[in-house]
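**Q** Give the three-dimensional model of this entry:
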Amino acid sequence: NEDSGQEKGFNEETKNLLTQLKVASGAAIPLIYQNKNLGWINIGFHNRRSFSQVEIDTLESIGKTVSLALSNARSRIELEFRAEHDALTNLPNRSLLHKKFEEFVACEKNESAALLLMDLDRFKEINDTLGHDIGDLVLKKIGPQLSSLLAKHKTELVRLGGDEFAIVLYRTEGQEKIFEFAN
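**A** Down below sits the predicted model:
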């Protein structure tokens, strides 16, 4: 109706959507946790109505509960990621490598894989002469560069720690191909 979307703060897109859906009244419940806006729950009605204080209190309670649940889910996802990825480079870490190898061995597809280990020559000299902050910057740059070089192959790059990396080659076709890849 002509009153839909007339509240201050609605942008044109929202006003058009409310008009299309023929929303006459409704409520927008903010999902906020620790001063961060996580989103909204919107409730719309085709008929005009007002909300009682009990309904408003219930909607606010629902909003707080959903906000907490969303925040907890995000935190869990972040913790799971951090447990399996290197904090400096965001590459998979040793823990994820072990997990993926266990899954690979368990799948019993008779496929082969190779594990190549590498470290950065003279990296200790960077840390000793320029400092660990510069060494960390070098590692942050090298991770994406190595990943982009390996992108065309069926591989996975893992940071084991320090200047040590592992490259997992899946579906290898014999030692010659592995040596060719390594060179």
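
**Q** Would you mark the buried spots in stretch 127-146?
**A** For stretch 127-146, burial by neighbour count (16 or more other C-beta atoms under 10 Å) applies to 127, 135, 138, 139, 142, 143, 146. Backbone N, C-alpha and C define where each C-beta goes, glycine included.

**Q** So which residues make contact with it?
**A** Outside stretch 127-146, the residues that touch it by C-beta atoms under 8 Å, 6 or more residues apart in numbering are 86, 88, 89, 90, 91, 120, 123, 126, 157, 159, 163, 165.

**Q** roughly how far apart are the third one and residue 139?
**A** Translated: residue 89. Look at residue 89 and residue 139: by C-beta to C-beta, to the nearest Å, they are 6 Å apart.

**Q** cool, and the last one?
**A** Counting by C-beta to C-beta, the separation of residue 165 from residue 139 is 9 Å.

**Q** Now do the shared contacts for residue 89 and residue 139.
**A** Common contacts of residue 89 and residue 139, defined by C-beta under 8 Å, 6+ apart, comprise residue 159.

**Q** Which of the contacts of stretch 127-146 sits closest to residue 107?
**A** Nearest to residue 107 among the contacts of stretch 127-146: residue 157, at 21.0 Å, using C-beta to C-beta.
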